[in-house]
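Student: okay, here's the prediction I keep looking at, along with the sequence it came from:
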Amino acid sequence: MGRVENKVAVVTGGAGGIGAAAARLLAANGATVVVTDLAEAPAPDWEETGAALYLRQEETGAALYLRQDVTREEEWTRVLDAVIDRFGRFDILVNNAGVGFRRSVEDTTLEEWRRVMTVNLDGVFLGTRHGIAAMRRAGNGGSIVNVASIEGLIGDPELAAYNASKGGVRLLTKSAALHCARARTGIRVNSVHPGYIWTPMVARSVAAAPDPEKARRHLASLHPVGHLGTPDDIAYGILYLASDESRFVTGSELVIDGGYTAQ
Ligand code: NAI
């Protein structure tokens, strides 16, 4: 018996990194998983990310890949209607899609600020709002997991817009959790706060450094455990929050960061 047996999950930004790991783990634990991302179709290198699993499931009708831009409200309606039409229920939403951006407050333009906030905060707002409505319609309660960051808990001089977006996700999550609890919806809303995880997002940022190997070592050294995290480290936390094992957990923040914020 899987930990999320028979549940239907949507994972945004699931083409790679943390989203792909979460989707894989939810599927391995019995959920039907709908993966959404920007690309029209899963990229050819999905084999490498393990996403081939969903393609195989797609053939058997047990899972689906849908193109979705999380910043567009009409796409939320389209995706969640399709999920309920096809599977008849909707239990888990992982608002994972996000973008990184390294600039200090002085060096960030309004346009850059808005781009980061649109994906990282508007996207999670839209997902939470429409996710709650769809879960209410489906009628089985549910669990919404918002992927924030340690950068939503502490400041970094080079992450002005990213800090603001992830801090916003943290408190939006608590407000939504309280609303859902008060209205006795049976819907829980929690945030996850990863330290640095070796994903395409972090690999891109490291590759852009003058000395990538040194940059990677530096990032690792920021974590008291002495190394970066893996996508599965975060996926296990998401699985817990998605499952009924966490039925008394709402409005909480699950920090998975190798001790980064304990210092
Ligand atoms: P990633 O870049 O590997 O994956 C993010 C995915 O989101 C990509 O597949 C991308 O296509 C998708 N995406 C971007 N904009 C989108 C949009 N508008 N609509 C739909 N999909 C969109 O990144 P990673 O590292 O897997 O990050 C996942 C989440 O975890 C993000 O929210 C990120 O901010 C957060 N996070 C990552 C950390 C890390 O060290 N990798 C640390 C803390 C938080």
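Tutor: All right, it came through fine.
Student: mind naming the longest helix for this protein?
Tutor: Counting residues, the longest helix found in the chain (DSSP state H) is helix 160-182.
Student: could you give me the buried positions within the helix or strand sitting right after it along the chain?
Tutor: Proceeding N to C from helix 160-182, the next assigned helix or strand is strand 187-194, under DSSP states H and E. Residues 187-194 are the ones in strand 187-194 that count as buried (16 or more other CB atoms under 10 Å). For every residue, glycine as well, the C-beta is placed using N, CA and C.
Student: please apply the same query to stretch 112-121.
Tutor: Neighbour-count burial for stretch 112-121 [16+ other CB under 10 Å]: 113, 116-121.
Student: stretch 215-231 too?
Tutor: 215-216, 219-220, 222-223, 228-229, 231.
Student: on that earlier part again, in helices only, show me the buried residues of stretch 112-121.
Tutor: Under the assignment DSSP H, these contribute 113, 116-117 to helices.
Student: dump the residues you listed into JSON lines; add pLDDT and distance to the ligand as well.
Tutor: Listed next are those as JSON lines, based on pLDDT from 0 to 100; distance: CB to the nearest ligand atom, whole Å:
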{"residue": "113", "pLDDT": "98", "distance to the ligand": "16"}
{"residue": "116", "pLDDT": "98", "distance to the ligand": "10"}
{"residue": "117", "pLDDT": "98", "distance to the ligand": "12"}
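Student: pLDDT below threshold where in the stretch 51-200 of the chain?
Tutor: Residues of the stretch 51-200 of the chain meeting the criterion pLDDT under 70: 51-63.
Student: do that again at 80, thanks
Tutor: 51-64 (pLDDT under 80).
Student: what about the strands in it?
Tutor: All strands of the stretch 51-200 of the chain, identified by DSSP state E, counting those that start in this stretch, fall at 64-67, 92-95, 142-147, 187-194.
Student: got a list of what the closest residue to residue 226 other than its chain neighbours touches?
Tutor: Nearest residue to residue 226 in three dimensions, chain neighbours excluded: residue 220, at 6.5 Å (CB to CB, 6 or more residues apart in numbering). Residue 220 makes contacts with 196, 226-228, as judged by CB atoms under 8 Å, 6 or more residues apart in numbering.
Student: rerun that using 7 Å as the cut-off
Tutor: By CB atoms under 7 Å, 6 or more residues apart in numbering, the contact set of residue 220 is 226-228.
Student: the strand or helix carrying it vs the ligand: in contact?
Tutor: Using DSSP H and E, residue 220 falls within helix 212-221. No - using CB under 6 Å from any ligand atom, helix 212-221 never reaches the ligand; the gap is at least 8.5 Å.
Student: just the C-alpha atoms of that helix, please, in CSV.
Tutor: This file holds the C-alpha atoms of helix 212-221, laid out as CSV (Å, rounded to 0.1, in the frame of the first residue of the first chain):
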residue,chain,number,x,y,z
PRO,A,212,32.1,26.7,-11.4
GLU,A,213,33.9,24.0,-9.4
LYS,A,214,34.8,26.6,-6.7
ALA,A,215,31.3,28.0,-6.8
ARG,A,216,29.8,24.5,-6.2
ARG,A,217,32.2,23.9,-3.3
HIS,A,218,31.3,27.3,-1.8
LEU,A,219,27.6,26.5,-2.0
ALA,A,220,28.1,23.1,-0.4
SER,A,221,30.2,24.7,2.4
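Student: quick check: mean pLDDT across that helix?
Tutor: On average, the pLDDT along helix 212-221 is 96.
Student: next SSE downstream of that helix?
Tutor: Assignment by DSSP H and E places the next element after helix 212-221 at helix 231-242.
Student: so is whichever helix or strand comes after that next one next to the ligand?
Tutor: Using DSSP H and E, the helix or strand that follows helix 231-242 towards the C-terminus is strand 253-256. No - Strand 253-256 does not reach the ligand (CB under 6 Å from any ligand atom); its nearest approach is 9.1 Å.
Student: next, count neighbours for whatever residue of the stretch 51-200 of the chain ends up closest to the ligand.
Tutor: The nearest approach of the stretch 51-200 of the chain to the ligand comes at residue 98, 2.2 Å away (CB to the nearest ligand atom). Number of residues near residue 98 (other CB atoms under 10 Å) recorded here: 27.
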